[in-house]
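Trainee: Got a sequence here, can you build the structure:
(one chain, ligands or ions: 1)
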Amino acid sequence: MKNFTSVHDVEDVAWLCGRAFAFKEKPEREAQSGRGKTLGLIFLNPSLRTRLSTQLAAQNLGMNVIVLNVSGEGWKLEFADGTVMDGPEAEHVREAAAVIGEYCDIIGLRAFAGLKDRERDYREELLQKFIEFSDRPVISLESATRHPLQSLADLLTIEELKRRPNPKVVLTWAPHPNPLPQAVANSFCEWMLRADVELVVSHPPGYELAEQFVEGAVIEYDQRKAFSGADFIYAKNWSAFGEYGAVLNRDPDWMITAEKMELTDNARFMHCLPVRRNVVVEDAVLDSPASVVVQQAGNRVWAAQAVLSEILSETGRGNRG
Ligand code: CP
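Mentor: Numbering: from 1, shown residues only. Below is the predicted model of the structure:
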């Protein structure tokens, strides 16, 4: 694994899950493999879980970690080529990424979708430019179209909690006041379609995800029907892909309620967090034993540790010989 930007960078998903579970059992199992190596975590957008879990994972491997919150602390970056930089952007990504590459052995980058220009977002321009100009392995900490560390942690959680082979996993859209990227939903689908689960995606008309992410999933516009017999309910809001970035629906009837969870087969409730209580999901679900959102967030450490360990090993940057 040279970079970790999507499930397509992973040769064997089941094997990577096994590595993550091994780290969960014994976090210090490779405590020296990253000694003398530096991970740079670059955030163009806010974070709680991704920042802390990835930092902890790197420290478990003996790595140094440096964090830059570009939006609050760094120079505003220009990504376009040939621009006359007489606006607010003080530094071009060509120099910024190359300089970060001088300081770091592996780079983690968070760069959300702008939700204005679909082609630019879906080209993953920001992520690709960091890969090109840093000349270092890059881990996506959530890009414009995907959140692979989250999806790996989601899969670990499902593997830990499933009560039967091929569980029914429902990704359901839920209301939110603001336009959010499609990254978590896209990525979740992409990973679930590589796992042994039955994936159903439920959303109001107009919220269809890009075909490349849902090909092979069942689409069910009736949320209650989707919930029937489900083993896992994964709630997430996303803005429209077709009418790009638009909020087409705020219908509170799509909120996840205890009454709807009754339609499932004692399903576990999942969400990547942060979550807006009583907008996306009601307190009665989030505070019930069905909710596994904290376990999910905990698994972010083992997902990140497995990925970092593989990159250290496969790029010859680690100390495992
Ligand atoms: N789920 C997730 O990525 O959380 P943060 O945005 O807080 O990192």
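Trainee: so who does the closest residue to Thr315 other than its chain neighbours touch?
Mentor: Spatial nearest neighbour of Thr315, chain neighbours left out: Pro137 (5.4 Å); criterion: C-beta to C-beta, 6 or more residues apart in numbering. Using the backbone N, CA and C atoms, a C-beta is placed for each residue, glycine as well. If you count contacts by C-beta atoms under 8 Å, 6 or more residues apart in numbering, Pro137 has them with Lys2, Asn3, Phe4, Asp105, Ile106, Ile107, Ile311, Thr315, Arg317.
Trainee: Kindly indicate which of the residues you listed lies nearest Phe23.
Mentor: Nearest to Phe23 among those is Ile311, at 14.0 Å by C-beta to C-beta.
Trainee: hang on, the earlier thing: format the contacts of Pro137 as a markdown table; extra columns: distance to Val247, pLDDT and secondary structure.
Mentor: Formatted as a markdown table, the contacts of Pro137 follow (distance: C-beta to C-beta, whole Å; pLDDT from 0 to 100; DSSP: H, G, I helix; E, B strand; the rest coil):
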| residue | distance to Val247 | pLDDT | secondary structure |
| --- | --- | --- | --- |
| Lys2 | 37 | 94 | coil |
| Asn3 | 32 | 97 | coil |
| Phe4 | 31 | 98 | strand |
| Asp105 | 41 | 97 | coil |
| Ile106 | 36 | 98 | strand |
| Ile107 | 33 | 98 | strand |
| Ile311 | 37 | 97 | helix |
| Thr315 | 41 | 77 | coil |
| Arg317 | 43 | 61 | coil |
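Trainee: Just the buried residues from these, in PyMOL please.
Mentor: A single PyMOL command is used to select the members of the contacts of Pro137 judged buried by 16 or more other C-beta atoms under 10 Å:
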select buried, resi 3+4+105+106+107+311+317
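Trainee: And the residue nearest to Thr315, what's its pLDDT?
Mentor: We have a pLDDT of 97 for Pro137.
Trainee: distance of it from Thr5?
Mentor: 10 Å (C-beta to C-beta, to the nearest Å).
Trainee: cool, Ile100 as well?
Mentor: Ile100 is 17 Å from Thr5, by C-beta to C-beta.
Trainee: just Glu95 next, same as before
Mentor: 22 Å.
Trainee: Summarise which helices and strands the helix or strand where Val294 lies is packed against.
Mentor: Using DSSP states H and E, Val294 sits within helix 293-314. Applying 3 or more C-beta pairs under 8 Å, 6 or more residues apart in numbering; DSSP states H and E, one finds that helix 293-314 contacts helix 13-25, helix 49-60, strand 106-110, strand 138-140, helix 148-161, strand 268-270.
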